[in-house]
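Enquirer: pasting the sequence and the predicted model now:
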Amino acid sequence: MRRSLLAFALVTLAAPVLSDTTSPVKVAELSARLYAQGVEAGDPLLILSAAKLRKTLAPVASDRTPEGGSATDGAPLTWEEMLATAETLAADDAALMGLIDDVRAETTKGVASGPVYNIGNLSNGGGDTYPPIEFRGGEYAEVYVEAKAATNLNLTIYDDKGRLVCSDTDISHIAYCGWTPAQPGTFTLKVENKGPASAAYALMTN
């Protein structure tokens, strides 16, 4: 418990700095990883820390759809959903419930405009390919996908000549790619579900 309290304190101090110096897409990824660790460990304080980070974001929905697919209703995992999970694990611990109430009630100074996101749904072994998306040359580009359910999402990025630019294919329900295009151009994003069951996912870009 003392280690968890320390982790919560550190993230509490770091959250304002992260929201100012780290891209919204990266903050989304960091909060998802912290949340997953908290769920795996059954640790409500880690989940609470993840919720604090995600609360600094204000994601913006887009109508972008995969080729041959359609937009799916939903949203990325929200800080409210994270707090609900923390509440379940905190049970009757008055101190933890007090911290959860504090996070729910606090206002976040200068909430960052979050990543642009789309929601998709993939069956086991399925893949979505998105029409080419333009990124600026010389500026760091980011693409991130996350699923709410446990699965294995893979992400690959190709340039307009079909060359692989970036990939994240580790066994995880989240995947992140970042690169700096040498010049303006369009890039194709492919998301694949290698998990055991169908899963809804959020795709986010800067």
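Expert: Cool, the structure landed. Given the structure is predicted, the values throughout are model-derived calculations rather than measurements.

Enquirer: hmm, Asn118 and Ser62 touching each other?
Expert: Yes. Contact criterion C-beta atoms under 8 Å: Ser62 and Asn118 qualify, at 5.4 Å. In this view, the C-beta of every residue, glycine as well, is placed from N, C-alpha and C.

Enquirer: have a look at those two and say which one is more surrounded.
Expert: Asn118 (25 against 15; other C-beta atoms under 10 Å).

Enquirer: that's a strand at that one, yeah?
Expert: Yes. Applying DSSP: H, G, I helix; E, B strand; the rest coil, one finds Asn118 inside a strand.

Enquirer: the residue nearest to Ala149 when sequence neighbours are not counted: what's it in contact with?
Expert: Excluding the flanking residues, the one nearest Ala149 by C-beta to C-beta, 6 or more residues apart in numbering is Ala199, at 4.9 Å. Going by C-beta atoms under 8 Å, 6 or more residues apart in numbering, Ala199 touches 121-122, 147-149, 151, 153, 173, 193.

Enquirer: ditto for Thr156
Expert: 164, 166-167, 169, 177, 189-190, 192.

Enquirer: all strands of the chain, in order?
Expert: 57-61, 112-122, 127-135, 141-147, 153-158, 164-168, 174-179, 185-193, 199-205 (DSSP state E).

Enquirer: nearest to Leu46, of those strands?
Expert: strand 174-179 (15.7 Å; C-beta to C-beta).

Enquirer: avg pLDDT for the closest one?
Expert: Confidence for strand 174-179, expressed as mean pLDDT, is 96.

Enquirer: just how off-centre is that strand within its chain?
Expert: 10 Å (C-alpha atoms, centre = their mean, to the nearest Å).

Enquirer: can you tell me what sits against that strand?
Expert: So strand 174-179 is in contact with 25-26, 29, 32-33, 36, 140-147, 153-157, 165-169, 191, going by C-beta under 8 Å, 6+ apart.

Enquirer: same thing but at 7 Å, please
Expert: 29, 32-33, 140-146, 153-155, 157, 165-168 (C-beta atoms under 7 Å, 6 or more residues apart in numbering).

Enquirer: and it, what's buried?
Expert: Buried residues in strand 174-179, counted by 16 or more other C-beta atoms under 10 Å: 174-178.

Enquirer: try stretch 150-158
Expert: So stretch 150-158, judged by 16+ other C-beta under 10 Å, has buried residues 151-158.

Enquirer: domain ranges for this structure, per the record?
Expert: 2-107, 116-205 (automatic domain parsing).

Enquirer: measure how buried Lys42 is and give me the count.
Expert: Let me fix one detail, which is that residue 42 is Gly and not Lys. By other C-beta under 10 Å, 9 other residues sit near Gly42.
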